[in-house]
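A.B. asks: Here's my sequence, what's the structure:
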Amino acid sequence: MPRRRILAGVVAALVLVAACGSAKEARDAALSSPTPSGTPTSATGDDVDPALAAFYDQDVKWSDCGRYECASVEVPVDYADPDGERLALKLRRLPAGDPQARKGSLFINPGGPGGSGVDYVAQFTAVAGQDLLDAYDTVGFDPRGVGASTPLECATTAQLDEYVNTDPTPDDATEEQAYFDAALTLGERCETEAGELAGHVSTVEVAKDLDVLRAVVGDPTLSYFGASYGTMIGATYAQLFPKRAGRLVLDGAIDPSLDSEGLNQGQAEGFQTALKAYLEACVKQDDCPLGTDVDAAQQRLSDFLEGLDRDPLPTSSEGRPLTEALGFYGIAVTLYNADYWELLTRALRQGLRGNGTQLLFLADTYLSRGERGYKDNSVVALVAVNCLDDPSTISLDQARESVPDFEEVSPVFGVSFAWSPVTCTAWPIKPAQEAPEIRAEGAPPIVVVGTTRDPATPYRWSEAMADQLASGVLVTRDGDGHTGYAMGNECVDDAIDDFLVTGSPPRDGLTC
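C.D. replies: Next up is the predicted model:
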């Protein structure tokens, strides 16, 4: 449900189920030098606040965990109070395949907010190029508040189910207020249950953590691959630490200049584009459950979701009908990759016959919801991070008035996305500091990858990210699905692998 902006990275579980002049001058100057000027000679860096030295200089002990190595690193909850409360960040790495060719560590993040970098290591290393795996220790980390790191723990399974199922398309003043109250209640629970941490899970703080992690593994500069929301972590790092930025790849980027309303409108457009691609493919098949005409198929899908608002469908999970909110998630998750479209076709065929079981399963996959409850805290983390990063507000009246504009962008998903910004208006926890403007002046070339029919991070967001970064280099994948790396395009894969291994960036504007 878009009320908690969908900025996820790789929905890997489904794979298993599916058996301006100055800007240009700065960019050109950066492209002429593949390494940053003024690179520190030590891993800690000459300009590190002495009050943080204990964190930067800590000795990390790696232990065996299957075919990987695992470790824990301490960072302050509040960087303005380094002597205060601490939290633990969990790491998992696959050592470089060729010690003689090893260049250092490649930190990776799958997005979210709320995605587990620890889990992502297995997924990433299963598809990455061998030269890349030979050259780097691949290191995944769970950001603060997420997964195995000190997590935000805010609600029970029953409370999260209630929150997730709040009507995403309120029809009257009572439902509008219920929408607002659902986010307010969850935020108040986070304040009570998670304490100080609830106000310190912003992307700025995650980027500061990443610099500590870079130092403790002994790397003078950061090598990084971030997907989806992970691009904001990488871009923020480059803004805060441009001279310690090394080879950064930002795949499926977010436009840093947009507020919550702009981001939601962009995602409404992105998911509509992806849905149209799916519908065009579906109606060409003899067994498409939505019919043989694209416009009629879209209308039937809209009618189906509206019907769930009135009468949720029964499922095989006792006490868990398919609501409109869960129906949206079940549809949206399959638009992340064209390989999942057949799953959507089967689920819709069943749903249109009155059984919501398969769509519920797909929604649960997206939400990390198992038979016994939520497998992680990604639902809560997504809201908490987004609302700290962008505390801008919108009234219920403004949200209601924006609905026609959103419906014009996306007849199917527009209403849900129009109401999404209200979530952070209601969120009671405010950030400790504002997010910075993203320019990263002085950073070396930063490769930004955009996919033309990406549902979750529309292509124009990658264009905007590359343009706003002083040294941004744009690579375009013409295709469907979310993000570009390891999505079946050899041109994109080679460009990314070559950059990370050799340091030579691809041509700005490369189209694959």
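
A.B. asks: mind checking the backbone torsions on the closest residue to residue 228 other than its chain neighbours?
C.D. replies: In space, and not counting its chain neighbours, residue 228 is closest to residue 111: 3.0 Å by C-beta to C-beta, 6 or more residues apart in numbering. The way it works is simple: take the backbone N, C-alpha and C, and place the C-beta from them, glycine included. With angles defined as degrees, to the nearest 10, residue 111 sits at phi 110, psi -150.

A.B. asks: gap between residue 111 and residue 334?
C.D. replies: When C-beta to C-beta, to the nearest Å is the yardstick, residue 111 and residue 334 sit 17 Å from each other.

A.B. asks: How about residue 430?
C.D. replies: 36 Å.

A.B. asks: In terms of neighbours, single out the busier of the two.
C.D. replies: residue 334 (30 against 9; other C-beta atoms under 10 Å).

A.B. asks: Phi, psi for the more buried one please.
C.D. replies: Here residue 334 shows phi and psi, under degrees, to the nearest 10, equal to phi -80, psi -10.

A.B. asks: Identify the residues contacting it.
C.D. replies: 14, 278, 340, 341, 343, 344, 347, 362 (C-beta atoms under 8 Å, 6 or more residues apart in numbering).

A.B. asks: any chance of those in JSON lines, plus neighbour count, pLDDT and distance to residue 447?
C.D. replies: Formatted as JSON lines, these follow (neighbours: other C-beta atoms under 10 Å; pLDDT from 0 to 100; distance: C-beta to C-beta, whole Å):
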{"residue": "14", "neighbour count": "18", "pLDDT": "41", "distance to residue 447": "26"}
{"residue": "278", "neighbour count": "23", "pLDDT": "95", "distance to residue 447": "29"}
{"residue": "340", "neighbour count": "21", "pLDDT": "93", "distance to residue 447": "26"}
{"residue": "341", "neighbour count": "21", "pLDDT": "95", "distance to residue 447": "29"}
{"residue": "343", "neighbour count": "21", "pLDDT": "96", "distance to residue 447": "31"}
{"residue": "344", "neighbour count": "23", "pLDDT": "97", "distance to residue 447": "31"}
{"residue": "347", "neighbour count": "25", "pLDDT": "97", "distance to residue 447": "36"}
{"residue": "362", "neighbour count": "27", "pLDDT": "97", "distance to residue 447": "32"}
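
A.B. asks: out of the residues you listed, which are inside strands?
C.D. replies: Among the contacts of residue 334, the subset assigned to strands under DSSP state E is empty.

A.B. asks: Residue 107 falls within a helix, correct?
C.D. replies: No - assigned with DSSP: H, G, I helix; E, B strand; the rest coil, residue 107 falls outside any helix and is strand.

A.B. asks: could you pull out the strands for the protein?
C.D. replies: 63-65, 68-76, 86-94, 104-109, 136-141, 222-227, 245-251, 369-370, 373-374, 446-453, 472-480, 510-511.

A.B. asks: Compare the ones you listed and give me the one nearest residue 48.
C.D. replies: strand 68-76 (13.1 Å; C-beta to C-beta).

A.B. asks: Please name the strands paired to that closest one in the sheet, noting orientation.
C.D. replies: Here strand 68-76 is paired, per DSSP bridges, with strand 63-65 (antiparallel), strand 86-94 (antiparallel).

A.B. asks: before we move on, the earlier item: for the strands of the chain, could you give me JSON lines that also reports distance to residue 394, mean pLDDT and mean neighbour count?
C.D. replies: Listed next are these as JSON lines, based on distance: least, C-beta to C-beta, whole Å; pLDDT from 0 to 100; neighbours: other C-beta atoms under 10 Å:
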{"stretch": "strand 63-65", "distance to residue 394": "44", "mean pLDDT": "95", "mean neighbour count": "10"}
{"stretch": "strand 68-76", "distance to residue 394": "33", "mean pLDDT": "97", "mean neighbour count": "19"}
{"stretch": "strand 86-94", "distance to residue 394": "31", "mean pLDDT": "97", "mean neighbour count": "21"}
{"stretch": "strand 104-109", "distance to residue 394": "29", "mean pLDDT": "98", "mean neighbour count": "26"}
{"stretch": "strand 136-141", "distance to residue 394": "33", "mean pLDDT": "98", "mean neighbour count": "26"}
{"stretch": "strand 222-227", "distance to residue 394": "28", "mean pLDDT": "98", "mean neighbour count": "27"}
{"stretch": "strand 245-251", "distance to residue 394": "28", "mean pLDDT": "98", "mean neighbour count": "28"}
{"stretch": "strand 369-370", "distance to residue 394": "28", "mean pLDDT": "94", "mean neighbour count": "18"}
{"stretch": "strand 373-374", "distance to residue 394": "28", "mean pLDDT": "94", "mean neighbour count": "16"}
{"stretch": "strand 446-453", "distance to residue 394": "27", "mean pLDDT": "96", "mean neighbour count": "26"}
{"stretch": "strand 472-480", "distance to residue 394": "30", "mean pLDDT": "96", "mean neighbour count": "23"}
{"stretch": "strand 510-511", "distance to residue 394": "36", "mean pLDDT": "97", "mean neighbour count": "14"}
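
A.B. asks: What ranges in this protein fall below the confidence cut-off?
C.D. replies: Scanning the chain for pLDDT under 70 picks out 1-46.

A.B. asks: No further queries at this time; thank you.
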